[in-house]
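Visitor: sequence and predicted structure below; questions after.
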Amino acid sequence: MRALTALVISAFCIGVNAFTNPTFRSRNDFSSLQSAAVVGIDSTTLTVVSKTKVGKGANGGYYHRIKHSSTSTGTDMIFGLFLPSTYNLSSSTPVMFWLSGLTCDDTNFAQKAGAKAFDAAEKEGIAIVMPDTSPRGDDVPDDEGYDLGQGAGFYVDATEEPFAKNFKMRTYITSELPNLLEEEFRLGAKSITGHSMGGHGALSIAFEDPSSWAAVSAFAPITNPCLCPWGEKAFGAYLGGVEQGGAFDATHILNDRVAPMVEFDDILIDQGTDDEFLKDQLNSEQLMAAAEKCGQTITLNMREGFDHSYHFIAAFIDDHVKFHAERLHKKQRLALAETKYDFSATQGKPITCKAMVARGVNDMKEEEIFVAPPKAGEVRVKVVANALCHTDIYTLEGSDPEGLFPCILGHEAGCVVESVGEGVTSVKPGDHVLPCYTPQCGETDCVFCMSEKTNLCPKIRSTQGQGVMPDGTSRFTDTEGETIYHFMGCSTMSEYTVLAEISVAKISKEIALEKACLFGCG
């Protein structure tokens, strides 16, 4: 059990680059987070107002309310944050922004639709952030009406007094809050949705800067605020008139386009047929006409019998979470695929790195090793993610008749090519690959590679079973200069390893390596 535990830990840790000794904070525990000094974020402590477990299972998912000092509004702001049980600071988690409507604060969505939304987000592995709808406080301007002032920031940056000083919700939502979430919580790819006034905010913010958002959707949005009483009042008070509001009007933005936004393959909108504000305030038909004009795809679902309430939102929020999650994960995969690695400092030279070295039966520990450059027909790779197989344990516990010690175990991994030896043509530095313990030489005289039934290529089987490369030598040595054997031609429980070219399978960079590594078992 001790050996198994060690191996599980090592397999997980290499997958998250643990050899660089990152600091892992307790899951979903933010009792004392200090902001880094970055543009738009003041170096102040975030305060966790509350933390509530809302997910099933031992780890669950947690809903936080977090207060911070905002440089945009000049006030304290509170936002809600749901983090799924898969959340960990060692990797980036995608996040969906939820913008609420008139009279709401940061809690309404969580209280009235959170049960379904958080469950859906937990299943999809995404976070949800729920900002307030305006700055608040005794010194913050307000209005007697429910549709202006505190609770009604309309997601614009006010230019008119008395609101100009504090009502900078556009900057808060598009710049300050995303930066804070990325710096403090490693929330990366983002999308945006909302209800009513929040739907207006989501659509106009995404339309204004489509490259920054993976997806956009809305519930009963104010689609053409320049032509409705709510918008006319807000734009007049905050901006000086509806003429200045066009840049924040989703319908106006689409009308000014001559082509669709390629960033959005679809835009999802749900609207209740019995919504009391549909005719006079929401104007969805205006948005659809503008979309048709520029060729923008929008899916508008008219939901029979539903009104403007949170009951309507709760009924369909899981559809929206799934819609966002699909596009968030795709954007995150594409971003990872575009990651550039600079291996110029190591190519052609031995690499000093860390590995889990099995010295004997149930005796495995982390050591510093040297990995030689690849020889002809070989590939050296950086191991990014590892998976655990029973074969590793079978060898470690001494049951494998071919088991050799000392060796570096592991054969299920997702890797990036660091360098290639002479004659290698199938892969190049930067390619994403999977090590294959069963190679494929592809030669026409290999009956196994040519067979339609099996690919049990024996080309390098004899040397592989001896724990060495095809030329009969190892690429691993320890700090004493002693040889360390290879395992199954892979040895992925190391930061770097060397494989035969025929033991490497190139894969698409769109596939997450931490998932693709599972295919390595053959």
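Guide: Great, that's in hand. Residues are numbered from 1 along each chain as shown.

Visitor: can you show me the helices along the stretch 301-450 of the chain?
Guide: 310-337, 390-396, 447-450 (DSSP state H, counting those that start in this stretch).

Visitor: Asp275 and Glu304 touch, don't they?
Guide: No: at 11.4 Å, Asp275 does not count as touching Glu304 under the criterion of Cβ atoms under 8 Å. (Glycine included, C-beta is placed from N, CA and C.)

Visitor: more crowded one of these two?
Guide: Neighbour count, other Cβ atoms under 10 Å: between Asp275 and Glu304, Asp275 has more, with 21 against 8.

Visitor: and for the closest residue to Asn301 other than its chain neighbours, the neighbour number?
Guide: Leaving out its chain neighbours, the residue that sits closest to Asn301 by Cβ to Cβ, 6 or more residues apart in numbering is Asp270, at 4.9 Å. Taking other Cβ under 10 Å as the criterion, the count of residues near Asp270 is 24.

Visitor: SS state for Asp270?
Guide: strand (DSSP: H, G, I helix; E, B strand; the rest coil).

Visitor: show me what it is bridged to.
Guide: Phe219, Asn301 (DSSP bridges).

Visitor: got a pLDDT number for it?
Guide: Asp270 is assigned a predicted lDDT (pLDDT) of 98.

Visitor: over to Ala11?
Guide: 41.

Visitor: what do you get for Leu518?
Guide: The predicted local confidence for Leu518 is 88.

Visitor: next: the one 4 residues further on.
Guide: The per-residue pLDDT reported for Gly522 equals 61.

Visitor: same check on Glu510?
Guide: So Glu510 comes in at 81 (pLDDT).

Visitor: same check, this time on the one 4 residues further on
Guide: Reading off the confidence values, Glu514 has pLDDT 84.

Visitor: thinking it is in contact with Glu412, fair?
Guide: No: here Glu514 lies out of contact with Glu412, judged by Cβ under 8 Å, at a distance of 11.0 Å.

Visitor: which one of the two is surrounded by more residues?
Guide: Glu412 (25 against 17).

Visitor: does that one really touch Ala387, like I thought?
Guide: Yes: with contact defined as Cβ under 8 Å, Glu412 counts as touching Ala387 (3.8 Å).

Visitor: now do the shared contacts for those two.
Guide: 517-518, 520-521 (Cβ atoms under 8 Å, 6 or more residues apart in numbering).

Visitor: the spatially closest residue to Ala372 that is not a sequence neighbour: what's it in contact with?
Guide: With Cβ to Cβ, 6+ apart as the criterion, Ala372 has its nearest non-adjacent residue at 4.4 Å, and that residue is Arg475. When the contact criterion is Cβ under 8 Å, 6+ apart, the partners of Arg475 are 371-372, 374, 378, 380, 469, 486, 497-498.

Visitor: tell me the spacing between the residue nearest to Asn301 and Ala315.
Guide: 9 Å (Cβ to Cβ, to the nearest Å).

Visitor: wait, Gly60 sits on Lys53?
Guide: Yes: contact criterion Cβ under 8 Å: Gly60 and Lys53 qualify, at 4.5 Å.
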